[in-house]
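Q: need a 3D model of the following:
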Amino acid sequence: MIKLYLADISVLGDPQSDNSKISLLPQKRQIKILKHKLADDRRRSLGAGMIINKILYENNVDVNSIHYGSNGKPYADNIFFNVAHSGKFAFGVSSDKEVGCDVEIIKDAHLDIAKRFFTESEYNYISKSENSSNTFYKLWTIKESYIKLSGEGLRTPLNSFEINISDNDISITENNIAKDCFVTQFEFDNHSFAICSYEQPPRKIEFNYV
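A: The predicted model follows:
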């Protein structure tokens, strides 16, 4: 079962001066958080750490039981999870199968990035849309969630696969072959969210707040 998690970093104190939340996290995560130079980046990393802690707690998994694949993506024996952060949110998902997610605050569309890194069809879809900003981030978050699903990250060129959208149905093809995965994309509070998974996502979007 896929579960969604959300942390609003705007309500968190700066972990550099407020240790009420960071002290509850593993030392490795604390070090990672405090390496960030900007307070908001520390808060986002803290929010991601809080989400991971909640996922592990709910699944009775000790933090020392986390494994890392050859690509560096973490997982546990009985649960898969992924986290992302942008703007005022840290976002996470857990699943019985591999899963990837992304969140981005919606700003102006980067058509130059789309032209360079997306497929021609995707670029045309963005440039012809009524709201190019929302459409750009819709495709961007889906692409990010897909490459995080495999754990390959940016080692997978963003134009090596294509996102197809029709009548609210979203699919991904590579070399004209449909990929066997589920895609969910939605917007909330001026942020674009996407989930890519091998398990059917929930029909109703409900966050577990941390």
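Q: can you list contacts of stretch 33-41?
A: Outside of stretch 33-41, the residues that reach it under the criterion CB atoms under 8 Å, 6 or more residues apart in numbering are 9, 14-16, 22, 25, 42, 45-46, 49. (Glycine included, C-beta is placed from N, CA and C.)
Q: one more: stretch 197-210?
A: The contact list for stretch 197-210 (CB under 8 Å, 6+ apart) reads 1-8, 47, 50-51, 54, 93, 95-100, 149, 180-182, 184, 186, 188, 195.
Q: now, those that are in helices?
A: Among these, the subset assigned to helices under DSSP state H consists of 47, 50-51, 54, 149.
Q: go through these and name the one with the lowest pLDDT.
A: Lowest pLDDT within the ones in helices among the contacts of stretch 197-210 is found at residue 149 (93).
Q: distance of that residue relative to residue 81?
A: 12 Å (CB to CB, to the nearest Å).
Q: any residues in contact with both of those two?
A: Common contacts of residue 149 and residue 81 (CB under 8 Å, 6+ apart): residue 99.
Q: quick one, what contacts the spatially most central residue of the chain?
A: Central residue of the chain (CA atoms, centre = their mean): residue 102, 2.2 Å from the mean position. By CB under 8 Å, 6+ apart, the contact list for residue 102 reads 84, 91, 140-142, 144-145, 148, 193-194.
Q: okay, and the beta partners of it?
A: With DSSP bridges applied, residue 102 shows beta-bridge pairing to residue 194.
Q: now, the contacts of stretch 33-41 that are in strands?
A: The strands, defined by DSSP state E, take in nothing from the contacts of stretch 33-41.
Q: drop anything exposed from the contacts of residue 102.
A: By neighbour count, with 16 or more other CB atoms under 10 Å, the contacts of residue 102 hold 84, 91, 140-142, 144-145, 148, 193-194 as buried.
Q: and the strand or helix carrying residue 125, what's buried?
A: Taking DSSP states H and E as the criterion, the element that holds residue 125 is helix 120-127. By neighbour count, and taking 16+ other CB under 10 Å as the criterion, the buried residues in helix 120-127 are 122-123, 125-126.
Q: pLDDT added to those, as a markdown table?
A: What follows is the buried residues of helix 120-127, written out as a markdown table (pLDDT from 0 to 100):
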| residue | pLDDT |
| --- | --- |
| 122 | 98 |
| 123 | 98 |
| 125 | 97 |
| 126 | 97 |
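Q: would you map the helices across the protein?
A: Going by DSSP H, the chain shows helices at 27-34, 39-58, 111-117, 120-127, 132-150.
Q: Serialize those helices to JSON lines and add fields for distance to residue 73.
A: What follows is the helices of the chain, written out as JSON lines (distance: least, CB to CB, whole Å):
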{"stretch": "helix 27-34", "distance to residue 73": "15"}
{"stretch": "helix 39-58", "distance to residue 73": "13"}
{"stretch": "helix 111-117", "distance to residue 73": "22"}
{"stretch": "helix 120-127", "distance to residue 73": "25"}
{"stretch": "helix 132-150", "distance to residue 73": "8"}
